[in-house]
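> Just to be clear, the model below is a prediction. Sequence and coordinates:
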Amino acid sequence: MCRGDGSPQLMAHNILLLFHCATNTGYAIAPLEQVFDAAARIVAGATGHVHYAYHSMTGGEPQHLHGRSTDVTTVSYVGLSADEVAVFSRWVAEREIDLVLGFDLPLRAPVLSAIRAAGRAKVVAYWGASISGVYPWYFRPLRRLQYLASPHRPDHYVFESEGMRNGAVYGAMIPRDRTSLCRLGVDTDVFRPDASAPNYAHALWGIPADRQIVFFSGHMEPRKGVDVLIRAFVQLLTMSGRRDLQLLLLGNKDGEAERFAHLYADTPVATHVTFGGYRNDLHRIHRDVAIGAISSTGWDSFTMSAVELAASAVPLVVSDLPGLREAVVPDVTGLMVPAGDVDALASAIGRLADNASLRRQLGAAARERVLREFSQHRQIMQIVETMRLSLSGASA
């Protein structure tokens, strides 16, 4: 089809962005909402053709839309009655949805049967979490049968790391040609080093200026290994006698910090541990951070915090886990330690704390890697490509 001037005119598509969470959940979901929206508007080819569905609207109108008028509804992935399935199916059909991009959308869920009943949409599942661990070869035939027995399963799956994709291919037995790898991206103009405003975090929490900040940001669930990080930090300061470090942990809510108090409250370094809650000024805080730490003990993805810290030229210490091991190049952009190893983590943090030259070297290399491989524009265009391939029926 061509316009009047003879140039090609792209077909307009109706796209549904589907989230398993409430509106404005924050954390790593917030930048993904912006990225999904930007990619969907490119592929839709016309304004007003991008629609949204959340588990609930308890967070208010989606902030990433900046007041833009659009079509937003609510639906749960699971627990839908037959009537609710029928209602959502009609909603999808009335809008002639061509493509659904669902965040953490499982292989089997009532919401998938509702979408399929509407009759036409391709379904892409974007996974920010691990869909499965890698299974031994003798379990894989059963897992393959489970995959094939999911009649409404998504058409395509997007993962943020090769480790997560391998879990899907060798665990859930999803065919590799139905998967894509799409690295997280970050706005490198926002997340960047800046020496013009030093001591921002120090001033916010009253941290003495002579203390280097060791930093973690994220959920406080057990797999994140916050207890391991605190134990390593307390061990480092207690055994070395040093008092030039402060551990700053962000992301705690609803009394979560109290769960960890027994790890440091009765130690000589109790005043060197700070919980700062949920923040939306991470880009400014990062510029005042010396060392980033992600000490997960269970599965973890290629985390947004890892990319944001690297873009800010902060050297990272991460656990050697699928997903996370792709977040750093060992001894080039950061350090890697065995998951759950308190001694190794304490040693790695101490090594960076003692060597400002090494911190600058690793941090600079980390930012250069982000500029090459993890820009937000690159992430958006990777999702655009996956959407277009899915609409055309082609494999990745």
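All right, it came through fine. These figures come from a predicted structure and were not determined experimentally.
> Excluding covalently adjacent residues, which one is nearest to Glu308?
Nearest non-adjacent residue to Glu308, counting by CB to CB, 6 or more residues apart in numbering: Phe191, 4.9 Å away. For every residue, glycine as well, the C-beta is placed using N, CA and C.
> for that neighbour, phi and psi?
phi -90, psi 100 (degrees, to the nearest 10).
> Can you give me the neighbour number for the nearest residue to Gln212 once chain neighbours are set aside?
Excluding the flanking residues, the one nearest Gln212 by CB to CB, 6+ apart is Ala290, at 3.8 Å. By other CB atoms under 10 Å, 20 other residues sit near Ala290.
> what does the one 4 residues further on give?
Residues within reach of Ile294, counting by other CB under 10 Å, total 25.
> ditto for Gly119
Neighbour count for Gly119, taken as other CB under 10 Å: 11.
> where's it relative to Val92, distance?
9 Å (CB to CB, to the nearest Å).
> ok, now Thr70?
For Thr70 relative to Val92 (CB to CB), the value is 16 Å.
> quick one: which of these two has more around it?
Val92 (26 against 16).
> Tell me which helix or strand comes right after the helix or strand encompassing the more buried one.
Val92 belongs to helix 82-94 when assigned by DSSP states H and E. Per DSSP H and E, the first helix or strand lying C-terminal to helix 82-94 is strand 99-103.
> So what touches the following helix or strand past that following strand?
Using DSSP H and E, the next helix or strand after strand 99-103 towards the C-terminus is helix 110-118. Applying CB atoms under 8 Å, 6 or more residues apart in numbering, the contact partners of helix 110-118 are 18, 75-80, 84-86, 88-90, 92-93, 97, 100, 102, 105, 121, 123, 151-154.
> Generate a PyMOL selection restricted to the buried subset of the residues you listed.
Applying 16 or more other CB atoms under 10 Å to these, the buried members can be selected in PyMOL as follows:
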select buried, resi 18+75+76+77+80+85+88+89+92+93+97+100+102+105+121+123+152+153+154
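> any weak-confidence spans in the stretch 1-150 of the chain?
Along the stretch 1-150 of the chain, segments meeting pLDDT under 70 span 1-11, 69.
> all strands for it, in order.
With DSSP state E, counting those that start in this stretch applied, the stretch 1-150 of the chain shows strands at 15-18, 50-54, 71-74, 99-103, 122-127, listed in chain order.
> Mind putting those into JSON lines with distance to Glu160?
Converted to JSON lines, those look like this (distance: least, CB to CB, whole Å):
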{"stretch": "strand 15-18", "distance to Glu160": "17"}
{"stretch": "strand 50-54", "distance to Glu160": "21"}
{"stretch": "strand 71-74", "distance to Glu160": "25"}
{"stretch": "strand 99-103", "distance to Glu160": "12"}
{"stretch": "strand 122-127", "distance to Glu160": "7"}
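> so of the ones you listed, which one's packed in deepest?
Highest mean neighbour count of the strands of the stretch 1-150 of the chain: strand 15-18, a mean of 26 (counted as mean count of other CB atoms under 10 Å).
> Could you spell out the sheet neighbours of it, each with its direction?
Paired neighbours of strand 15-18 in the sheet (DSSP bridges): strand 50-54 (parallel), strand 99-103 (parallel).
> okay if I get the ones you listed as CSV plus distance to Ala209?
Formatted as CSV, the strands paired with strand 15-18 follow (distance: least, CB to CB, whole Å):
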stretch, distance to Ala209
strand 50-54, 43
strand 99-103, 41
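> Of all those strands, which one is nearest Leu248?
strand 99-103 (28.7 Å; CB to CB).
> Could I get the CA-only coordinates of that closest one as PDB?
Presented in PDB, the C-alpha positions along strand 99-103 are these (Å, rounded to 0.1, in the frame of the first residue of the first chain):
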ATOM      1  CA  LEU A  99      -0.300  -8.500  18.900                       C
ATOM      2  CA  VAL A 100      -0.100  -9.000  22.600                       C
ATOM      3  CA  LEU A 101       3.100  -8.400  24.500                       C
ATOM      4  CA  GLY A 102       2.700  -9.900  27.900                       C
ATOM      5  CA  PHE A 103       5.100  -9.300  30.800                       C
END
